[in-house]
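Q: Only the shape, not the letters, is given here:
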């Protein structure tokens, strides 16, 4: 033991003496690299090509260094050492250097600093650090790290590769505990029938079916679900170039595939997302675990108010399951599409003409208009060509404010009798639910669809002209899920991308996520460099914008969503366009990691963070989680100060996982009181206590209740007044803490 210690001391002294004059030219990483390299007995364990750029040529070991140099830099002197200049900028040279020549390199007077080049190993590239998830994984300023253990991450999506290593734990066991897959496979259906009365697909569980056995029956024509699941809950996996990780890396995974993406299977029944949500919640109940369900999908749902029947079902499911059951959904990807316009017909403009192309997407166009209660409007609809010349006669429809109209008609071109169209009109009132305070109930809505029955005749447009004497009318071009741009022919009216939040993101109870940018370049596995023409830290141009037409503000929060690295479904064939976004492979070259963008990618970032929150407190409600996300959101030069008033672009700002977990951490801080609040009664006799506070901050407070040991026993939120239920707590002394990012206060209460 003593001999080994002396050898170690000698080694350090030797190194120090050799680099005595130029020691300050080495960065810490460079020093550590050289120290490890000296000790050949541990080189195989601690120096790996994935960590450093190591190469052996003719028995000489090389590495790569970033070298800061001054104006006296001499390329010839560097090359005479056996080094190779790879890249040279004004003040830095990237060099390939024989390891045993680093000492001599440091002696050059033009060398100012040497930094070892390390293989880049980001967690989902810059996404996790940007949201401070990496700090939560490290347990910084927390009592321990959090990885979503004991929480279920539910995924409703398409195209899951059950074989991807991101869905295995560190022991190689499946983390996917349930998978309802809507495909016909007689053998599996016999042993794993679908849940409830559903008669298609099969339900796998980890008790008696190896989930990997369905790999040839999974949705193998779409990468989306695999990518999304990898972001929300993917395990930490080493690729050939990077280390990849999701957020809730130790959570359980439950999947409902929403349907096949193959014409051969269109005849098979598939679960709706409502059925999937209900099943996932029931599964969580059976396991007595909290769950967060990710919905990275959407439908137009216009008039953009979150009040379609499917939305109402989600509302009610959530209201029936207030504790530990959370839904996170994407805002949509229409933020760069001018698919909306509005006009106040009480102004001078009494009519507006707009054009919708029928030839840029499947030969049809869909127009939607939302008026005001008790106000009539009319539309005139026809087909025109690229030169605004009429192709058909005009059809005029008056939309009574209190009546319903349903019309469909076949139309023949006035210039070409062989050319035919179908026009469908629905006019109705917006949904009205007696038990919901709904600000837009009873507004007249018009849906118009023009379908080209004989396509291939050149550019053609559905021309719609609106007429009204008063009232504000909102209009959308719904020709595609993400919309299509309007061409406005009326001066003084401009299209925009507001009011483009998709459902289920438009549901008030759902946490709705927009996307911002965390990188400006993708470097593919084949070294193809693809620039991303967006600004780092700014909103992603595709991220849909609010508000809703019922006056509510969406999205709620934003997260990284521009070209996020995650798992790729290996059963999806790689086209040339996909290939440039493949950024890494597993060491066995079987599985890929892929860069994709959309609010679909931002949504699982937030879902993963919610899983971390539920690990700490499984009883959190949707409203409590929203309050905590709001209080802790990052506001910067790009978002502006949106925490208090909420933005139709950013929501409350950018999600900050570390600040969220710090708000929830199990401690009591007896800091100076910023305000006082009332607790009555005190002592508490029946388990209920009323809290009242004069809230001057404009933001909710988080309520933490701690016992005498500092353990968090209750959590909620409050604006100005709330009754809290402490009936399940034992008699004794407790501490109630109210806090947000502006102020805090703590008081003692006794329960008898």
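A: Thanks, I have the structure now. None of the values given here were measured: they were computed from a predicted structure. Numbering: from 1, shown residues only.
Q: residue closest to the middle of this structure?
A: Centroid-nearest residue in the chain, with Cα atoms, centre = their mean: residue 602, separated by 1.7 Å.
Q: separation between it and residue 130?
A: From residue 602 across to residue 130, the span is 11 Å (Cβ to Cβ, to the nearest Å). Where you see a C-beta, it was placed from the backbone N, CA and C, and this is true even at glycine.
Q: ditto for residue 612
A: Using Cβ to Cβ, residue 612 is found at 16 Å from residue 130.
Q: Which one of these two is surrounded by more residues?
A: residue 612 (27 against 23; other Cβ atoms under 10 Å).
Q: Does that one touch residue 150 like I think?
A: No - using Cβ atoms under 8 Å, residue 612 is not in contact with residue 150, being 11.0 Å away.
Q: in the stretch 451-600 of the chain, which spans are strands?
A: Using DSSP state E, counting those that start in this stretch, the strands assigned to the stretch 451-600 of the chain run over residues 460-467, 472-477, 487-488, 511-516, 521-523, 529-531, 557-560, 564-567, 582-585, 592-596.
Q: Those: which one's closest to residue 608?
A: When the strands of the stretch 451-600 of the chain are compared for distance to residue 608 using Cβ to Cβ, the nearest one is strand 557-560, at 9.3 Å.
Q: For that closest one, name the packing helices and strands.
A: Other elements packing on strand 557-560 under the criterion 3 or more Cβ pairs under 8 Å, 6 or more residues apart in numbering; DSSP states H and E are helix 127-130, strand 511-516, helix 599-616.
Q: Compare the ones you listed and say which comes out lowest on pLDDT.
A: Mean pLDDT values for the helices and strands packed on strand 557-560 show the minimum at helix 127-130, a mean of 70.
Q: In the following helix or strand past that one, which residues are buried?
A: Heading C-terminal from helix 127-130, the first helix or strand you meet, by DSSP states H and E, is helix 133-138. Buried residues in helix 133-138, counted by 16 or more other Cβ atoms under 10 Å: 133-137.
Q: now, among those residues, which is nearest to residue 407?
A: residue 133 (52.7 Å).
Q: ranges for the helices of the stretch 201-350 of the chain?
A: For the stretch 201-350 of the chain, the helices defined by DSSP state H, counting those that start in this stretch occupy 224-233, 273-287, 309-320.
Q: hey, which of those is tucked in deepest?
A: Mean neighbours per residue, mean count of other Cβ atoms under 10 Å, is largest over these for helix 224-233, with a mean of 30.
Q: now that one against helix 599-616, angle please.
A: Interaxial angle, helix 224-233 versus helix 599-616 (axes from the mean of the first three to the mean of the last three Cα atoms, to 10 degrees): 40 degrees.
Q: Off-centre distance for helix 224-233?
A: Relative to its parent chain, helix 224-233 has a centroid offset of 10 Å by Cα atoms, centre = their mean, to the nearest Å.
Q: which secondary structure elements does that helix contact?
A: strand 152-157, strand 252-257, strand 291-295, strand 564-567, helix 599-616.
Q: and the last one with strand 511-516, angle?
A: Right, the one you point to is helix 599-616. Taking the same axes, to 10 degrees, one finds helix 599-616 and strand 511-516 inclined to each other by 130 degrees.
Q: Pull out the buried positions in helix 599-616.
A: Buried residues in helix 599-616, defined by neighbour count with 16+ other Cβ under 10 Å: 599-616.
Q: Identify each buried residue in stretch 615-632, please.
A: Those would be 615-617, 620-622, 624-632, for stretch 615-632 by 16+ other Cβ under 10 Å.
Q: between those residues, which is closest to residue 750?
A: Nearest to residue 750 among the buried residues of stretch 615-632, counting by Cβ to Cβ, is residue 617 at 23.6 Å.
Q: Show me the buried residues of stretch 615-632 that map onto helices.
A: 615-616, 622, 624-632 (DSSP state H).
Q: Residue 406: which of those residues is nearest?
A: Residue 406 has its nearest neighbour among those in residue 622, at 37.0 Å by Cβ to Cβ.
Q: show me the contacts for the closest one.
A: 318, 322, 325-327, 509-511 (Cβ atoms under 8 Å, 6 or more residues apart in numbering).
Q: any idea how far it is from residue 285?
A: Counting by Cβ to Cβ - residue 622 and residue 285 are separated by 16 Å.
Q: ditto for residue 732
A: 31 Å.
Q: Only the buried subset of the contacts of residue 622, as a ChimeraX command please.
A: To isolate the buried subset of the contacts of residue 622 in ChimeraX, counting by 16+ other Cβ under 10 Å, use the following:
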select :318,325,326,327,509,510,511
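Q: want to try CSV for the contacts of residue 622, with distance to residue 742 as columns?
A: Output for those, formatted as CSV (distance: Cβ to Cβ, whole Å):
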residue, distance to residue 742
318, 29
322, 27
325, 30
326, 26
327, 29
509, 26
510, 27
511, 23
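Q: Nearest to residue 81, out of the contacts of residue 622: which one, please.
A: Comparing those against residue 81 with Cβ to Cβ picks out residue 511 as the nearest, at 57.2 Å.
Q: Please look at the closest one and residue 327 and confirm they touch.
A: Yes - proximity of residue 511 to residue 327 meets the contact threshold set by Cβ under 8 Å, at 7.0 Å.
Q: and the ones in helices among the buried residues of stretch 615-632 as TSV, adding distance to residue 563?
A: Below are those laid out as TSV (distance: Cβ to Cβ, whole Å):
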residue	distance to residue 563
615	28
616	31
622	30
624	32
625	27
626	28
627	31
628	28
629	24
630	27
631	29
632	25
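Q: Select, from the residues you listed, the two members most distant in space.
A: So, these by Cβ to Cβ: farthest apart are 615 and 630, at 20.4 Å.
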